[in-house]
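**Student:** coordinates for the following, if possible.
(4 chains)
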2 protein chains.
Amino acid sequence: MPVKVRIADVAAAAGVSTATVSRALSSPDVVGAETRARVMAAVQATGYRINAAARDLRQQRARSILVLAPNLANTFFSRIIAAVQEVAGQAGLAVQISDSRTDPDLLQSLGHNGRADGILLLDGALPPDLVRGWRLPVVQVCEWNDAYEVPSLRIDNAAAARMAVAHLRDLGHTHLLHVAGPADNVLGQTRERGFVDAARAFGLGATVLPGDFTMASGARSARAWAEMPDRPSAAFTASDECAFGFISECNRMGFAVPGDVSVIGFDDVDFAGHFIPALTTIHQPRARLGRQAAERLVSALGASERLTHEQVIIDPNLMIRASTAPRT
Amino acid sequence: MPVKVRIADVAAAAGVSTATVSRALSSPDVVGAETRARVMAAVQATGYRINAAARDLRQQRARSILVLAPNLANTFFSRIIAAVQEVAGQAGLAVQISDSRTDPDLLQSLGHNGRADGILLLDGALPPDLVRGWRLPVVQVCEWNDAYEVPSLRIDNAAAARMAVAHLRDLGHTHLLHVAGPADNVLGQTRERGFVDAARAFGLGATVLPGDFTMASGARSARAWAEMPDRPSAAFTASDECAFGFISECNRMGFAVPGDVSVIGFDDVDFAGHFIPALTTIHQPRARLGRQAAERLVSALGASERLTHEQVIIDPNLMIRASTAPRT
DNA sequence: CTGAAAGCGCTTACAG
DNA sequence: CTGAAAGCGCTTACAG
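**Tutor:** Numbering: from 1, shown residues only, chains lettered A, B, ... in the order given. The predicted model follows:
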């Protein structure tokens, strides 16, 4: 069997034209039964596999979507990407991944190089001109940026912060700490604003420490918290990672969670329920977000639809576990 | 500016042939200075971007590598994949990801469809015929399967198990538990055999419970352990996840780690050092594994080299943290 | 140094 | 129902 079998080889073997082979494969019903059988036999005999690259060039599509994320090593994305791959795969689309924090020129070319039909964007901090310059459908997930004027799908981050604050108030806490996300990140900003607004609305004391979603920033905040003269009895962190860092450092310093301080995280990563103590946190339905965003993109591709600036906001869920307790 | 600019548009604008535009872009030195300037100006003016799909078809390569993993949602892979993407990106290659547990027919076509130049395989349980049927360079990482006859890169899993056993022996433990990985997985098998052999060599008691790398299997094993008449004072689990599940369940049942039982995991996932207690575990250098495997593949692609069945085995590291302690 | 032409491997109007 | 031919957007021997 030759290493490389082209459609012409099959055509020769079956004694038909390449056009007929192509049709027998892509729209069998349009080909005579006897001819089709001969073609199929030739396909079997030669071990022919269609060359997708050639077909795609001819059909002017890539049958591929590009997932662009700010940090592919971030485990938060893995479930989202897995869900995207599943949906795309079922639609016959390949999934390409790339880091969105790379050379802007290269980034720009991604929307013009003919290798992707659409882009799933997990980053809200790219230059708007860059995103608008792409001549490809774009759907944004988790993060968002109104200047892009693309559809976006996410949970209601402000409402989530409100739920966290309400839960702590219900437990009797009157002075709350927030370890914020990065100041230049839309998620960090929105969660912080949600926290501050809710605390004010409930008439609670509110202190905000800067952070960046990492365990290190959580640990740092725990040390800052320990030094405060009037320590808040509860903390809401902008991410689970940050909460883990905060709690670990509390433990190291001899403080108990939730005994000395209640802690609420954000994301509900796989690990949150198995941390000790099991982490009370805001659930982000990552598989659902990935699936739904991919479905939106796939359906837009199928319909050659021009995407609008629609915003889909999903209600958050608070997972109440063991890291929060009534104020003592 | 037209939405779609082709090389012919640039050629027309510059008053040259498409061949000259192509050359001005890919090998500028071969084109006259004045001509080159005209072409570049035309490229600027039209906003031309090369169509990679067309170039790749003509050059008979895909400029893309495919990463195939058994479970893309598994956070263990994220760092590996990120490293792969980084190396590939620097070499001008795109990265495509796909689930290796999918329709075999589709899987087979991945090696023949012209959309990837090489495959990075994170799965050792695919049918050997399938893998050998791919007419593309394949490099395997973490898992391996000699029947594939492809290069493989991994840590020495048996030696790692030996190190874990030696550490526990040094702490005075004489009866050890192993929570195994899946029986049909080469990693699970190798770690278990390493454990059993080392325990025998050291003259230690050894009990093995079945598992599958998951937290659930760790928790299940903890319950089984608690019921044992003569409980081992130390456990070595086939994965960190499993260790987390084991420890959490111990806590739930009122046992202390490492007070009542020392625990060693495997992988050193991001989280291991921040678990409470910080987990003693075998470190897998995931970024290095991903980087090195990608480099191997990229260099093979560049040299059109036929890959051999070379095996690169990296020495493991034991990270001693707080989940192991002397036998009391 | 530059251009005309062929060709990568397909698909798809257009005829018949 | 089938085939000849054009063409997707490039690159690259081959001439000149």
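
**Student:** tally of neighbours for A:Ala180?
**Tutor:** 25 (other Cβ atoms under 10 Å in any protein chain shown). In this view, the C-beta of every residue, glycine as well, is placed from N, C-alpha and C.

**Student:** what does chain A have sitting close to DNA strand D?
**Tutor:** Proximity of chain A to DNA strand D (Cβ under 7 Å from any atom of the strand) is limited to residues A:15-20, A:23, A:30-32, A:34-36, A:54, A:57-58, A:60, A:114.

**Student:** pLDDT below threshold where in chain A?
**Tutor:** Low-confidence segments of chain A, defined by pLDDT under 70, are located at A:1-3.

**Student:** just the strands in it please.
**Tutor:** Using DSSP state E, the strands of chain A run over residues A:64-69, A:94-99, A:118-121, A:138-141, A:152-155, A:175-179, A:205-209, A:234-237, A:262-267, A:280-283, A:311-314, A:317-319.

**Student:** which ones among the residues of chain A next to DNA strand D also lie next to DNA strand C?
**Tutor:** Those of these which are also neighbours of DNA strand C are A:18-19, A:23, A:54, A:57-58, as judged by Cβ under 7 Å from any atom of the strand.

**Student:** give the ChimeraX command for selecting the buried subset of those residues.
**Tutor:** Remark: buried members of these, expressed as a ChimeraX selection using 16 or more other Cβ atoms under 10 Å in any protein chain shown:
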select /A:23,57
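
**Student:** kindly reformat the ones next to DNA strand C among the residues of chain A next to DNA strand D as a markdown table containing distance to chain B.
**Tutor:** A markdown table is the format used below for these (distance: Cβ to the nearest Cβ, whole Å):
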| residue | distance to chain B |
| --- | --- |
| A:Thr18 | 16 |
| A:Ala19 | 19 |
| A:Arg23 | 19 |
| A:Ala54 | 6 |
| A:Leu57 | 5 |
| A:Arg58 | 9 |
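
**Student:** of all pairs in the ones next to DNA strand C among the residues of chain A next to DNA strand D, which one is the farthest apart?
**Tutor:** In these, two members sit farther apart than any others by Cβ to Cβ. They are A:Arg23 and A:Leu57, at 18.7 Å.

**Student:** filter the residues of chain A next to DNA strand D down to the ones in helices?
**Tutor:** Judged by DSSP state H, helices contain the following of the residues of chain A next to DNA strand D: A:18-20, A:23, A:34-36, A:54, A:57-58.

**Student:** can you pull the contacts of A:Asp156?
**Tutor:** A:313-316 (Cβ atoms under 8 Å, 6 or more residues apart in numbering or on different chains).

**Student:** from the residues you listed, pick the one nearest DNA strand C.
**Tutor:** Compare each of these with DNA strand C using Cβ to the nearest atom of the strand and the shortest gap goes to A:Ile314, at 37.1 Å.

**Student:** count of neighbours near that closest one?
**Tutor:** Using other Cβ under 10 Å, A:Ile314 has 15 other residues around it.

**Student:** quick one: contacts for the nearest residue to A:Thr214 once chain neighbours are set aside?
**Tutor:** With Cβ to Cβ, 6 or more residues apart in numbering or on different chains as the measure, A:Glu241 is the residue that lies nearest to A:Thr214, at 5.9 Å, once sequence neighbours are left out. Residues counted as contacts of A:Glu241 (Cβ under 8 Å, 6+ apart) are A:213-215, A:218, A:267, A:269.

**Student:** who in the stretch 101-250 of chain A is up against DNA strand C?
**Tutor:** Counting by Cβ under 7 Å from any atom of the strand, no residue of the stretch 101-250 of chain A sits close to DNA strand C.

**Student:** now A:Gly32, what are its backbone angles?
**Tutor:** When read as degrees, to the nearest 10, the backbone of A:Gly32 gives phi -60, psi 150.

**Student:** how much space between the closest residue to DNA strand D within the stretch 151-300 of chain A and chain B?
**Tutor:** In the stretch 151-300 of chain A, the residue that lies nearest DNA strand D is A:Ala300 (20.6 Å; Cβ to the nearest atom of the strand). A:Ala300 sits 17 Å away from chain B, going by Cβ to the nearest Cβ, to the nearest Å.

**Student:** how far away is the residue lying closest to that residue once chain neighbours are set aside from A:Asn157?
**Tutor:** For A:Ala300, ignoring the flanking residues on the chain, the nearest one in space by Cβ to Cβ, 6+ apart is A:Pro137 at 4.8 Å. The span separating A:Pro137 from A:Asn157 equals 24 Å under the rule Cβ to Cβ, to the nearest Å.

**Student:** quick one on the thing from earlier: neighbour count and distance to A:Val84 added to the contacts of A:Glu241, as a markdown table?
**Tutor:** As requested, the contacts of A:Glu241 are exported to a markdown table (neighbours: other Cβ atoms under 10 Å in any protein chain shown; distance: Cβ to Cβ, whole Å):
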| residue | neighbour count | distance to A:Val84 |
| --- | --- | --- |
| A:Phe213 | 25 | 22 |
| A:Thr214 | 16 | 25 |
| A:Met215 | 22 | 26 |
| A:Gly218 | 31 | 29 |
| A:Asp267 | 26 | 18 |
| A:Val269 | 25 | 18 |
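
**Student:** so which of those residues belong to helices?
**Tutor:** For the contacts of A:Glu241, the ones inside helices are A:215, A:218, with DSSP H as the criterion.

**Student:** distance to A:Met163 for the contacts of A:Glu241 - can I get that in a markdown table?
**Tutor:** Shown next, in a markdown table, are those (distance: Cβ to Cβ, whole Å):
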| residue | distance to A:Met163 |
| --- | --- |
| A:Phe213 | 19 |
| A:Thr214 | 23 |
| A:Met215 | 23 |
| A:Gly218 | 20 |
| A:Asp267 | 14 |
| A:Val269 | 18 |
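
**Student:** quick one: which of the contacts of A:Glu241 is nearest B:Phe275?
**Tutor:** Top of the list for closeness to B:Phe275, among these and by Cβ to Cβ, is A:Met215 at 11.2 Å.

**Student:** from A:Val261, how far off is the nearest residue to that closest one once chain neighbours are set aside?
**Tutor:** By the measure of Cβ to Cβ, 6+ apart, the closest residue to A:Met215 outside its immediate chain neighbours is A:Gly245, 3.3 Å from it. A:Gly245 is 14 Å from A:Val261, where distance means Cβ to Cβ.
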